[in-house]
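Undergrad: Got a predicted structure here, sequence first:
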Amino acid sequence: MQLYCGIDLHSNNSVISLIDKEDKVIKENRLANDFDLIEKYLAPFQDNIEGIVVESTYNWYWLVDGLVDKGYPVHLANTLAIQQYNGIKHTNDETDARFLAHLLRLDILPTGFIYPKVMRYVRDVLRRRLLMVKQSVAQLLSLQSLISRHTGKQLTSQKVKQLTVEDLSNYFHDMSALFSARQSLQLWQQLQQQISDIEIFVLSKCTKEDFSIITSTPGIGKILGMTILMETGPIERFPQVGNYSSYARCVPSSKISNGKVKGHGNTKNGNRYLSMAFVEAAHYATIWNPTIKKYYQKKCSKTPVMVAKKAVANKLTRACYHMLKENKPFDIKRAFG
């Protein structure tokens with residue numbers, strides 16, 4: 001008997017549903033998030049289970065890794081790409097679990113990539129770095145704005161980075177403003193130290209990796225190259241360059257019917273960390289590469305700065321796709337010619 005299993009995973013419990021090839025529920029229950037308990041529940045059916053679907057929630061690692069280690073064929077459901085039939089009047093955790101199993105049975109389940117466990121934790125550390133970079137930029141901009149608001153002076157980001165806590169008393173006479181400025185500067189300095197610590201740690205873990213292809217791209221060093229490769233996974237997952245650009249959130253999302261725009265699609269589809277990495281790469285590329293800088297400045301004359309930077313990020317995304325597919329270094333003429 002062929003069985004299909006869907007697991008609706010929550011923070012402290014999971015609903016497990018087993019269905020046969022006729023969509024008949026064979027067994028269904030809510031269990032605590034205890035792997036031994038779940039494994040014991042599934043064990044009598046292991047030889048008949050064609051596949052297990054687990055929702056791609058924030059806490060899937062322990063369950064997916066445990067099931068894979070026990071020899072179960074596991075699929076990670078891409079929840080953003082799954083839409084239930086709108087006519088359903090009542091849904092709950094049980095129907096959600098059944099629906100996952102149903103999609104697997106019909107072989108129409110949108111799946112996510114299960115990144116190898118060994119490198120997944122390094123990828124997660126790199127994700128933490130990206131979030132810290134974002135917070136660091138926010139603190140820098142906050143301090144720039146404070147100085148401009150209280151003095152009328154517009155300091156460059158480079159000048160702000162060189163300030164010390166003692167220097168700030170030259171810009172602020174109000175104690176409350178000085179306190180806020182010191183908080184922003186100290187937070188920025190702490191974040192920079194944390195980012196540096198992460199980069200040293202990650203490089204020590206990936207000394208054997210070859211990043212020569214990806215790091216030939218302007219704006220991409222070892223850390224960003226490592227981030228992009230780990231967020232991408234096997235490039236073969238993406239049949240066309242447009243699929244990769246979409247995954248990196250570098251293309252607009254829209255719904256068009258009969259030539260008319262009917263609204264916007266889900267802009268959150270894709271990988272936000274890959275998007276952040278390419279935007280960071282675009283930032284550095286527009287500073288250090290003359291050709292890319294010229295392209296960026298031309299875009300800035302017609303569009304907002306962030307839109308222009310996103311356009312550069314899209315160019316880099318498309319270039320990296322072809323580089324990884326063809327195993328060839330960056331070609332500025334091909335990318336920006």
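TA: That came through fine.
Undergrad: what number of residues lie near G66?
TA: Under the neighbour criterion other CB atoms under 10 Å, G66 is assigned a count of 15. Using the backbone N, CA and C atoms, a C-beta is placed for each residue, glycine as well.
Undergrad: Isn't it up against F35?
TA: Yes - the pair G66 / F35 is scored as a contact, 4.5 Å apart, by CB atoms under 8 Å.
Undergrad: Grab the nearest non-local neighbour of I235.
TA: Distances taken as CB to CB, 6 or more residues apart in numbering put L324 closest to I235, at 4.2 Å, once the chain neighbours are dropped.
Undergrad: element containing the residue of the chain positioned farthest from its centre, please.
TA: Centroid-distance maximum for the chain: H173 at 42.6 Å, with CA atoms, centre = their mean. Assigned by DSSP states H and E, H173 belongs to neither a helix nor a strand.
Undergrad: Any figure for the gap between it and Q144?
TA: Separation of H173 from Q144 (CB to CB, to the nearest Å): 18 Å.
Undergrad: Other residues contacting stretch 5-15?
TA: Residues outside stretch 5-15 that contact it (CB atoms under 8 Å, 6 or more residues apart in numbering): 16-19, 28-33, 38, 42, 45, 49, 51-55, 57, 59-60, 63, 93-94, 96-102, 104.
Undergrad: how about that stretch: buried residues?
TA: Under the neighbour-count criterion of 16 or more other CB atoms under 10 Å, stretch 5-15 has C5, G6, I7, D8, L9, S14, V15 buried.
Undergrad: Greatest separation within those: which pair is it?
TA: Farthest pair in the buried residues of stretch 5-15 (CB to CB) is C5 and L9. Separation: 12.3 Å.
Undergrad: which one's the longest helix in the protein?
TA: Identified as the longest helix of the chain according to DSSP state H is helix 117-151.
Undergrad: one step back: weed out the non-buried ones from the contacts of stretch 5-15.
TA: Among the contacts of stretch 5-15, those classed as buried by 16+ other CB under 10 Å are 16-19, 28, 38, 42, 49, 51-55, 60, 63, 93-94, 96-102, 104.
Undergrad: just to revisit the earlier point, roughly how far apart are the residue nearest to I235 and L163?
TA: 40 Å.
Undergrad: What of T156?
TA: T156 sits 11 Å away from L163, going by CB to CB.
Undergrad: before we move on, what about W188?
TA: On the measure of CB to CB, W188 and L163 end up 10 Å apart.
Undergrad: the more surrounded of those two?
TA: W188 (22 against 18).
Undergrad: ok, the more buried one - contacts?
TA: W188 neighbours (CB under 8 Å, 6+ apart): S136, Q139, L140, L143, K161.
Undergrad: The closest residue to the second one other than its chain neighbours: what secondary structure?
TA: It refers to Q139. For Q139, ignoring the flanking residues on the chain, the nearest one in space by CB to CB, 6+ apart is W188 at 4.1 Å. Secondary structure, DSSP: H, G, I helix; E, B strand; the rest coil: W188 is helix.
Undergrad: Distance check, W188 against L146.
TA: Applying CB to CB, the value for W188 to L146 is 12 Å.
Undergrad: With N327 instead?
TA: 48 Å.
Undergrad: which residues in the stretch 151-300 of the chain form strands?
TA: Assigned by DSSP state E, counting those that start in this stretch, the stretch 151-300 of the chain shows strands spanning 255-257, 260-263.
Undergrad: Quick check: mean pLDDT of the longest one?
TA: Per-residue confidence for strand 260-263 averages out to 52 on the pLDDT scale.
Undergrad: Repeat that for stretch 162-179.
TA: Averaging pLDDT along stretch 162-179 gives 92.
Undergrad: Likewise for stretch 29-47?
TA: The average pLDDT for stretch 29-47 rounds to 97.
Undergrad: gap between the two ends of it?
TA: Using CA to CA, to the nearest Å, one end of stretch 29-47 lies 20 Å from the other.
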